[in-house]
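K.L.:
Any chance you can model this:
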Amino acid sequence: MRKDVEDILEKYKRKLEEKSDEGFSGEYKRFKEEQIGKELSFYEKGCNTCKNILAVRPNEKNNEKLWESIQTTGLKITPEGVMSFAFFVSLVFILIGVIIFILGLLIGSFLFFFPIFFIALGILFFKILSGYPNQKALKWRIQAENQMVLCILYVVMYMRHTSNLEHAVKFAAQHIQDPLSSDLKKVFWNIETGKYNTVHESLNAYLENWKGYNVDFVNSFHLIESSLYEPKENRRLEILERALTTILDGTYEKMLHYAQDLKSPITTLYMLGIILPVLGLIMLPLMGGFLGVKWYWIAFFYNLLLPAFVYFAGNKLLIKRPAGEGESFSLNESLFNEYKYLKIGDALVSPAILAVPLFLIILIAGLSPLWMHVLFPNNGFLNGDWIFGYRGENGPFGFGALVLSLAIPLSIALSLGIYYKLKSRKLVRIREDTRELEREFAGSLFQLGNRIEDGLPVELAFSKVAENLEGTMSGKFFSMVSNNLRSMGMGLKEAIFNLKRGAILGFPSKVISSSMEVLIESARKGPGIVAHALMSISNYMIAIHKVNERLRDLLADVLSSMKSQINFLTPLIAGIVVGIGSLITNIISNLGSLLVGTGTGESAPIGVNLTILSEVFPIDKLIPPFYFQLIVGLYLVQITYILTVLANGVENGVDKLNEENLLSKNLYKSMLFYILVTLITTIILTIMARGVMNTGGGAL
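P.N.:
Now for the predicted structure:
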């Protein structure tokens, strides 16, 4: 070949590569900077420091699992460092517990609760810190798997018009979210650092990591690679479509088995972790009376150990979750940072600026039976049965104290709900609009492809499709593109992607932006290629949407059951239990007051020897309704939070925005319903008990 011809071809090739890498290069540059100059986190520093002091080696099985998790997440630590850090942190808490116990013995006071509390915290922190890399890797894998269908879609979309694996992988890395995006960028990083020589070697080495977790993703990529060696165009396109079908069919099949296997564990978790413990609370007032169990021991079990059990048991259910629907809406883009804050004048402030004062005000009101008794210990009005109901230093047993105690769990639920609501509401609205556009977009793309195939120029085709879809989100998008083309005199790329007036700014969807990029790239090869590319993308999007809808149907029963448990059954049972517990406690406490007033050796109005009753129901050992409700209310907040996170994980994998949105709703609903049920139950049962006690000659 002539030298001048070779120079021209080489120059044109470089120009094409520059255009292909235009969007990828900036993101890859940031990725390289992170890889080279990334600072160690507090956890990484702690692990490395503790390992230098004393290296604690995990067993062989745990060592292998930890090392795999460390490699997956990119943490700059070792398994020995993980175990050493967990050991030293837990040792600190255990030593605090032992020191408190010894000091108690020295001063002649047998302190048992705080030593046990700190030792339990030490054990809990050891489990959390020693399993942190595994937990981080689990979250990483769930997030990555949720992006795999979109990843294959983008690679197939690109390779339909340009059979170049390197550029297709870069295109996918540019449009999917982390962590899979970072994984694909690392494929190129490993080539640059000399670990591998070609994209094929680096990509195949990366795919080896997924063979044990998602073989369909691996098979789809191998099919895509095999299409490079197919000489016939029709056969090449058929292989690419088969790659997308493979991951879609595999995703549906795995989710089908997951949904079937999930029902029994969810039911077991709900019964053992929620229903039976809450029903068991009815016995607590009697346990306090008979066994002298203090309220803080009950709180230790219900507000620390039990929520930890439910969390870890629920987390095991998420480990088995297969890949699901990918999210094309990225929260991490700087474009959306301002929506996470409140705008006061020109300043952006965190929603916590409202949530924290609200929490403190309501909390102080909820604690008023305690601090008002300290300030006014002998106030007859405040110590009345319907207000605080103190019996000397014992209490508060009064109805008013119980009502005020409801403000404590309410302060937590309300402040968290408001914080998450203010933080997520604008982003949720944007995502809902974007999803509506994505649902319509497949049909719109098909129309656009048909118009172009009929011979209309691309610019005019946008205008015609916008007219046909007037009043829809798709119509709005196409209309914005058309206006930019005609009124602003922009080119097609500028009309869509301009940083100030581009139509894509109002619809931040990676699916839509990638489709438009394929449109712009294929437009260079002629209208026929553009039309076929758009119609193929439309078919791909329809296929993915069908699979996603089928996945939702599979999980519908489980999710419906979990939502009813969160918003109805759990607060209903908890409210009734508080009402019954309050009734039992008040009856016993008033019997105690009656005994004190009558004297020993005589018969009570109900015909029982008072000495026996005073020994069976010592008032100083009863659990006041104030503390009883506090335990149940806090437990309800904890369980609502954990179950909401679990339900979101089952439905969406890792989706922080939807999780915050659900928490803002569920914390409101469950807490308000719980308060309503508690008040109604307590009022009805108290009135009934007053009638019974008055008939028997007592008072309530």
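K.L.:
Going by C-alpha atoms from here, please, whenever you check contacts or count neighbours.
P.N.:
OK.
K.L.:
Run a quick neighbour tally on Asn219.
P.N.:
16 (other C-alpha atoms under 10 Å).
K.L.:
Check which helices and strands the helix or strand that contains it sits against.
P.N.:
Assigned by DSSP states H and E, Asn219 belongs to helix 215-227. Applying 3 or more C-alpha pairs under 8 Å, 6 or more residues apart in numbering; DSSP states H and E, we find helix 215-227 packed against helix 148-161, helix 233-270.
K.L.:
Among the ones you listed, which comes closest to Lys320?
P.N.:
Nearest to Lys320 among the helices and strands packed on helix 215-227 is helix 233-270 (7.4 Å), distances taken as C-alpha to C-alpha.
K.L.:
And that closest one, what does it pack against?
P.N.:
Helix 233-270 packs on helix 148-161, helix 215-227, helix 306-319, helix 527-564, going by 3+ C-alpha pairs under 8 Å, 6+ apart.
K.L.:
Can you point out the buried residues in the last one?
P.N.:
What it means is helix 527-564. 527, 529-542, 544-545, 547-548, 551-552, 554-555, 558-559, 562-563 (16 or more other C-alpha atoms under 10 Å).
K.L.:
so where is the stretch 251-400 of the chain shaky, pLDDT-wise?
P.N.:
284-293, 323-339, 345, 379-386, 388-395 (pLDDT under 70).
K.L.:
residue ranges of the helices in it, please?
P.N.:
Taking DSSP state H, counting those that start in this stretch as the criterion, the stretch 251-400 of the chain carries its helices at 276-280, 284-291, 295-300, 306-319, 352-366, 368-375, 399-405.
K.L.:
Return the alpha-carbon coordinates of the third one using PDB.
P.N.:
Coordinates of each C-alpha in helix 295-300 appear next as PDB, following Å, rounded to 0.1, in the frame of the first residue of the first chain:
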ATOM      1  CA  TRP A 295     -36.800  -2.900  82.900                       C
ATOM      2  CA  TYR A 296     -33.200  -2.300  81.600                       C
ATOM      3  CA  TRP A 297     -32.600  -6.100  81.300                       C
ATOM      4  CA  ILE A 298     -35.700  -6.300  79.100                       C
ATOM      5  CA  ALA A 299     -34.400  -3.300  77.100                       C
ATOM      6  CA  PHE A 300     -31.000  -5.000  76.700                       C
END
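K.L.:
Tell me the helices and strands packed up against that helix.
P.N.:
Going by 3+ C-alpha pairs under 8 Å, 6+ apart, helix 295-300 lies up against helix 625-652.
K.L.:
mean confidence for the helix it packs on?
P.N.:
Helix 625-652 carries an average pLDDT of 87.
K.L.:
what is the orientation angle of that helix with helix 368-375?
P.N.:
Per axes from the mean of the first three to the mean of the last three C-alpha atoms, to 10 degrees, the angle that helix 625-652 makes with helix 368-375 is 150 degrees.
K.L.:
which stretches of this structure have low pLDDT?
P.N.:
Along the chain, segments meeting pLDDT under 70 span 1-39, 108-111, 284-293, 323-339, 345, 379-386, 388-395, 525, 589-621, 689-700.
K.L.:
So it: which segments form each domain?
P.N.:
34-130, 431-544 (automatic domain parsing).
K.L.:
so which of these gets nearest Ile408?
P.N.:
domain 34-130 (21.9 Å).
K.L.:
So which of the helices of the stretch 251-400 of the chain is nearest Ile191?
P.N.:
helix 306-319 (31.8 Å).
K.L.:
Dump that closest one to CSV, keeping only the CA atoms.
P.N.:
The C-alpha trace of helix 306-319 is given here as CSV (Å, rounded to 0.1, in the frame of the first residue of the first chain):
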residue,chain,number,x,y,z
LEU,A,306,-33.2,-9.0,69.2
PRO,A,307,-32.7,-6.3,66.6
ALA,A,308,-29.2,-7.6,65.9
PHE,A,309,-30.6,-11.1,65.4
VAL,A,310,-33.3,-9.8,63.0
TYR,A,311,-30.7,-7.8,61.1
PHE,A,312,-28.2,-10.6,60.6
ALA,A,313,-30.9,-13.1,59.8
GLY,A,314,-32.4,-10.8,57.2
ASN,A,315,-29.0,-10.0,55.8
LYS,A,316,-28.5,-13.8,55.1
LEU,A,317,-31.6,-13.6,52.9
LEU,A,318,-30.1,-10.8,50.8
ILE,A,319,-26.9,-12.8,50.2
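K.L.:
what's the angle between that helix and helix 233-270?
P.N.:
Put simply, helix 306-319 runs at 160 degrees to helix 233-270, going by the same axes, to 10 degrees.
K.L.:
Tell me which stretches of this structure form strands.
P.N.:
342-344, 347-349 (DSSP state E).
K.L.:
so which of these gets nearest Ile100?
P.N.:
Going by C-alpha to C-alpha, the one of the strands of the chain nearest Ile100 is strand 347-349, 41.9 Å.
K.L.:
who does the closest one pair up with?
P.N.:
Strand 347-349 has the following strand partners under DSSP bridges: strand 342-344 (antiparallel).
K.L.:
Need the contact partners of the partner strand.
P.N.:
With contacts defined as C-alpha atoms under 8 Å, 6 or more residues apart in numbering, strand 342-344 is touched by 348-351, 422-423.
K.L.:
Same question for stretch 85-92.
P.N.:
Counting by C-alpha under 8 Å, 6+ apart, 46-47, 50-51, 56, 121-127, 129-130 sit against stretch 85-92.
K.L.:
Which two among these are spaced furthest apart?
P.N.:
Lys51 and Leu121 (21.8 Å).
K.L.:
that older thread, show me which of the contacts of stretch 85-92 is closest to Pro409.
P.N.:
Leu121 (22.3 Å).
K.L.:
What count of nearby residues applies to the nearest residue to Val310 once chain neighbours are set aside?
P.N.:
Spatial nearest neighbour of Val310, chain neighbours left out: Gly273 (5.8 Å); criterion: C-alpha to C-alpha, 6 or more residues apart in numbering. Other residues within reach of Gly273, judged by other C-alpha under 10 Å, total 20.
K.L.:
The one 5 residues further on too?
P.N.:
Using other C-alpha under 10 Å, Val278 has 24 neighbouring residues.
K.L.:
Leaving out sequence neighbours, find the closest residue to it.
P.N.:
Using C-alpha to C-alpha, 6+ apart and skipping residues adjacent in sequence, the residue nearest Val278 is Ala574, 6.3 Å away.
K.L.:
Distance check, Pro231 against Thr198.
P.N.:
Pro231 is 22 Å from Thr198, where distance means C-alpha to C-alpha, to the nearest Å.
K.L.:
When those two are compared, which one has more neighbours?
P.N.:
More neighbours surround Thr198 than the other of Pro231 and Thr198, with 15 against 9 (other C-alpha under 10 Å).
K.L.:
ok, back up a step: let's have the helices and strands packed on helix 233-270 in CSV, adding distance to Thr686.
P.N.:
Converted to CSV, the helices and strands packed on helix 233-270 look like this (distance: least, C-alpha to C-alpha, whole Å):
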stretch, distance to Thr686
helix 148-161, 58
helix 215-227, 62
helix 306-319, 30
helix 527-564, 29
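K.L.:
Can you say which of those is nearest to Val278?
P.N.:
Smallest distance to Val278 across the helices and strands packed on helix 233-270 (C-alpha to C-alpha): 10.8 Å, for helix 306-319.
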